[in-house]
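In: Need a 3D model of the following:
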Amino acid sequence: MSDPFLSVARERLDPAEPIPAHLMCARSRGAWHRAVESHPDTAARRADWRRGLMAVVWQLATRTGRNMVTAPKKGATWAVIAAEAGVSRSTLADRLAWLIERGLLVRVTPGTTPRFRPGTLRGALDDGRGNEAATYVLTVPAALAESLAEDDQGGGEFLTPASDPAEDDWRDVPWPAETLPVELTRTPKPHVVDVGEKTFPDVRARETPAHTAPVAAWPAAATPGTKTEMLAACKRLRAEDPILRKLSARHLRSLLRVLFRLGATIDDVRHVLHHQPGSRAWPLEAAPRFVPGWVRWRAQAWLTLDSSSSGQDVRLASPLPSQVREAYRKRIRSEQTARTTELAEARTHRGDAAAGAALARQHLMAALSRAPKNAA
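Out: Next up, the predicted model:
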């Protein structure tokens, strides 16, 4: 006589699906819920730990299809499950790892994003798959099923709240369903089970993939010379500054073109937008209402007309930080060169008292000429 609890619904999955031999697909969501609740390792845990586990189990059980596989379009994603169960992502990862280690859950497909998926060059190529949520199949260890077979009197009922979320339309589920890569979400790493098909029709978590293109890596200490280089520098400024992100890269390039032509780098532009000439910080204020006018006004504070030329040439009112650093480096290099020359001359005239005295007098006169004269 076949036991109803041990009857495995193989028609729900591919018969050739390699589920481990000691596991079987749960006959119903209610049977799986009772198997988790009756597991021997559950009784040894604290009451608050069991409450968190059963909250996660309830969300998994009510967000599966008839094939006992979780459906992301029914809300079986980390973000939705953690929010509805009232647990953190770390707690959700811990409970999922516990279920997988006990054979009560098998991961079918891992959650991936285009940026971390192989073959996309870290998101530079769009493979058209978008973000994919992890899917799991509800399983029961054969040994546990045999021990519960005598006490099972459920008759195969499903776990159904007032309205069964697993049977509702997927458009009623909170959207979008976001997933993060395995390395960032602390997803447990058991072996991935291939169900036999290429993918389930409800695996995809988002129809439109998020923008994951790499940020333009123009060096922050280099001055852009051409229009293409200026555009790359503005793209990096937009990516790193939420205020400048409200402008397009081309619009920002038109506002900063004069600064770039005068030798400004990305670091100089950041300094100009937040400091007055002389390196005094601008007073703290709220976010600008009109970003183009804010950028133009703060950039013009560093510009002035060159009165020495006949035309209307624009020059800097104060040196940029990169120019100050470069002038300091040049001064240090010139001083080092002068000291090296003096040392070479001293070594050349070593042992010659007359030449040494003349060289000493020469250095003394040069030092006196540089010293400030006494007013008295």
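
In: Quickly list the domain ranges of this structure.
Out: The record's domain parsing of the chain by automatic domain parsing lists 10-185, 227-318, 322-370.

In: Walking through the stretch 151-300 of the chain, point out its strands one by one.
Out: Secondary structure of the stretch 151-300 of the chain (DSSP state E, counting those that start in this stretch): strands at 275-276, 280-281.

In: Out of those strands, name the one with the poorest average pLDDT.
Out: Mean pLDDT across those is lowest at strand 280-281; the value there is a mean of 86.

In: Pull the distance from that one to the chain's centre.
Out: Distance of strand 280-281 from the chain centroid (Cα atoms, centre = their mean, to the nearest Å) equals 32 Å.

In: Also stretch 56-71?
Out: Computed by Cα atoms, centre = their mean, the chain-centroid distance of stretch 56-71 equals 29 Å.

In: Now that stretch: buried residues?
Out: 56-65, 67-71 (16 or more other Cβ atoms under 10 Å). Backbone N, C-alpha and C define where each C-beta goes, glycine included.

In: cool, and stretch 105-123?
Out: Buried residues in stretch 105-123 (16+ other Cβ under 10 Å): 105-117, 120, 123.

In: if we can go back for a sec, what's the most buried one of the domains of the chain?
Out: Of all those, domain 10-185 has the most neighbours on average by mean count of other Cβ atoms under 10 Å, namely a mean of 17.

In: So for that domain, mean pLDDT?
Out: Per-residue scores along domain 10-185 average to 74.

In: do stretch 333-340 as well
Out: On average, stretch 333-340 scores 91.

In: Also stretch 236-254?
Out: Regarding stretch 236-254, the rounded mean pLDDT is 91.

In: Need the contact partners of it.
Out: 215-218, 220, 227, 230-231, 234-235, 255, 266, 269-270, 287-288, 291-292, 294-295 (Cβ atoms under 8 Å, 6 or more residues apart in numbering).

In: just the helices in the protein please.
Out: 29-37, 40-43, 47-61, 78-85, 89-101, 142-149, 182-185, 227-240, 249-261, 266-274, 291-300, 321-348, 353-370 (DSSP state H).

In: tell me the contacts of the nearest residue to Leu144 once chain neighbours are set aside?
Out: Leaving aside its chain neighbours, Leu144 sits nearest to Ala35 (5.8 Å; criterion: Cβ to Cβ, 6 or more residues apart in numbering). Residues in contact with Ala35 (Cβ under 8 Å, 6+ apart) are Ala26, Leu104, Val140, Leu144, Ala145, Leu148.

In: Tabulate those in a markdown table, adding columns for distance to Ala338.
Out: Converted to a markdown table, these look like this (distance: Cβ to Cβ, whole Å):
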| residue | distance to Ala338 |
| --- | --- |
| Ala26 | 85 |
| Leu104 | 79 |
| Val140 | 85 |
| Leu144 | 86 |
| Ala145 | 89 |
| Leu148 | 91 |
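
In: Among those, which one sits closest to Ala47?
Out: Nearest to Ala47 out of the contacts of Ala35 is Leu104 (Cβ to Cβ; 19.6 Å).

In: Quick check: Pro110 vs Ala264, distance?
Out: Distance of Pro110 to Ala264, given as Cβ to Cβ, to the nearest Å: 46 Å.

In: same question, Arg50
Out: Distance, Arg50 to Ala264, using Cβ to Cβ: 61 Å.

In: try Ala142
Out: 71 Å.

In: one step back: determine which two of the buried residues of stretch 56-71 are furthest apart.
Out: Once Cβ to Cβ is applied, the buried residues of stretch 56-71 give Val56 and Asn67 as the farthest pair, at 20.2 Å.

In: what's in contact with the longest strand seen in the chain?
Out: Assignment by DSSP state E gives strand 135-141 as the longest strand of the chain. Strand 135-141 is contacted by residues 13, 19, 22-26, 29, 31-32, 35, 60-61, 64, 67-72, 76, 96, 102-109, 193, 195, 200, 203 when judged by Cβ under 8 Å, 6+ apart.

In: can you do 7 Å?
Out: The contact list for strand 135-141 (Cβ atoms under 7 Å, 6 or more residues apart in numbering) reads 19, 22-26, 29, 32, 35, 60, 64, 68-70, 72, 103-109, 200, 203.

In: Out of those residues, list just those in strands.
Out: Reading strands off the contacts of strand 135-141 with DSSP E, I get Leu23, Met24, Cys25, Leu105, Val106, Arg107, Val108, Thr109.

In: just to revisit the earlier point, of the contacts of Ala35, closest to Ala367?
Out: Nearest to Ala367 among these, counting by Cβ to Cβ, is Leu104 at 86.4 Å.

In: you'd agree Gly356 is up against Arg347?
Out: No - Gly356 is beyond contact range of Arg347, at 11.0 Å (criterion: Cβ atoms under 7 Å).

In: Which residues are in contact with each of those two?
Out: Counting by Cβ under 7 Å, 6+ apart, nothing touches both Gly356 and Arg347.

In: Got phi/psi on the closest residue to Ala222 other than its chain neighbours?
Out: Leaving out its chain neighbours, the residue that sits closest to Ala222 by Cβ to Cβ, 6+ apart is Thr265, at 6.1 Å. Backbone torsions for Thr265, taken as degrees, to the nearest 10, come to phi -100, psi -180.
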